[in-house]
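Asks: Attaching a predicted model along with its sequence, questions to come.
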Amino acid sequence: GAVVSQHPSRVICKSGTSVKIECRSLDFQATTMFWYRQFPKQSLMLMATSNEGSKATYEQGVEKDKFLINHASLTLSTLTVTSAHPEDSSFYICSASVAGLAGTSYNEQFFGPGTRLTVL
Amino acid sequence: GQNIDQPTEMTATEGAIVQINCTYQTSGFNGLFWYQQHAGEAPTFLSYNVLDGLEEKGRFSSFLSRSKGYSYLLLKELQMKDSASYLCAVRRTTDSWGKLQFGAGTQVVVTP
């Protein structure tokens, strides 16, 4: 249980285009989903926290108009990188958490496999 | 704010033991997590400590001292597949929804 998927796993796009990344909790309903960005050999940097049916909470320094997050249901959150530029190239990872999920005790986050974005 | 510090890299031989330290400074501490991340993959949950003491799970153990703001992850009987980055993450009572702050990660290299 507690499987999180992401799609696509890899995407290459031209500068100026928009890219949408989907994050799904496959076998549970996620109270909250998180979006992270990770540059090579660096740690996870939290971009935003997303709850179903409400606006995402962005971390300081993250442009909400550039990184659009939609959390339409308890199993799906999407991140859209608008007008992507080469500096947006990174590994984007989502995670989901839910309190009281059977088999867990810690309200830990379950991570998706990540999306490698390359902007040319 | 909070600072989470861990060594950048550690090297050990197969079969040996390695201890990865993590120190943190935070208000409203509400738990510390360790995750393992192989290159190009998502992190996977290893352990959780919220009370002082040692939690053992097979070859992996994690220790916490809240008064010292200190934790370590102990990897025993190292295997080649243990080569990965190990992330220390802290949760605070003031953060909603299970939000975590991650350290920079410790790259463990296991040699034959």
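Replies: Looks like it arrived, so ask away. Predicted model, so just to flag it, every value in this text is computed and none were measured.

Asks: show me where pLDDT drops low in chain B?
Replies: Along chain B, segments meeting pLDDT under 70 span B:1-2, B:96-97.

Asks: can you list the residues of it near chain A?
Replies: B:31, B:33, B:35, B:40-45, B:48, B:50, B:87, B:96-105, B:107 (C-beta under 8 Å from any C-beta of the partner chain). Bear in mind the C-beta positions are built from the backbone N, C-alpha and C, glycine included.

Asks: Buried ones from these, can you make that a PyMOL selection?
Replies: The PyMOL selection below is limited to those of these classed as buried (16 or more other C-beta atoms under 10 Å in any protein chain shown):
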select buried, chain B and resi 31+33+35+42+43+45+48+87+97+98+99+100+101+102+103+104+105+107
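
Asks: quick one: which of the residues of chain B next to chain A sit in helices?
Replies: Among the residues of chain B next to chain A, none falls in helices (DSSP state H).

Asks: does the host helix or strand of residue A:95 come close to chain B?
Replies: Taking DSSP states H and E as the criterion, residue A:95 maps to strand A:90-97. Yes: Strand A:90-97 comes into contact with chain B (C-beta under 8 Å from any C-beta), by way of A:91, A:93, A:95, A:97.

Asks: Just give me the closest of those residues to chain B.
Replies: Using C-beta to the nearest C-beta, residue A:97 comes nearest to chain B of these, at 4.2 Å.

Asks: related to what we said a few turns ago, ok, the residues of strand A:90-97 next to chain B vs residue A:34, which is closest?
Replies: If you rank those by distance to residue A:34 using C-beta to C-beta, residue A:95 comes first, at 4.7 Å.

Asks: Which residue is the nearest non-sequential neighbour of that closest one?
Replies: residue A:109 (4.0 Å; C-beta to C-beta, 6 or more residues apart in numbering or on different chains).

Asks: Now the phi/psi pair for the one you found, please.
Replies: Main-chain dihedrals, residue A:109, degrees, to the nearest 10: phi -90, psi 140.

Asks: so who does it touch?
Replies: With contact taken as C-beta atoms under 8 Å, 6 or more residues apart in numbering or on different chains, residue A:109 is in contact with A:34, A:95, A:96, A:97, B:45, B:98, B:100.

Asks: The fifth one contacts residue B:35, doesn't it?
Replies: Yes: Residue B:45 is in contact with residue B:35 according to C-beta atoms under 8 Å; the separation is 5.9 Å.

Asks: hey, what's in contact with both of those two?
Replies: By C-beta under 8 Å, 6+ apart, no residue touches both residue B:45 and residue B:35.

Asks: follow-up on the earlier one: can you read off the pLDDT for the residue nearest to residue A:95?
Replies: If you check residue A:109, the pLDDT there is 84.

Asks: what do you get for residue A:73?
Replies: 87.

Asks: Run a quick neighbour tally on the closest residue to it other than its chain neighbours.
Replies: Using C-beta to C-beta, 6+ apart and skipping the chain neighbours, the partner closest in space to residue A:73 is residue A:52 (6.3 Å). Residue A:52 is flanked by 16 other residues according to other C-beta atoms under 10 Å in any protein chain shown.

Asks: does residue A:78 have beta-bridge partners, and which?
Replies: residue A:22, residue A:70 (DSSP bridges).

Asks: Now do it: how many residues are near it, please.
Replies: Neighbour tally, residue A:78, other C-beta under 10 Å: 19.

Asks: didn't it look like it was pressed against residue A:20?
Replies: Yes: using C-beta under 8 Å, residue A:78 is in contact with residue A:20, at 5.7 Å.
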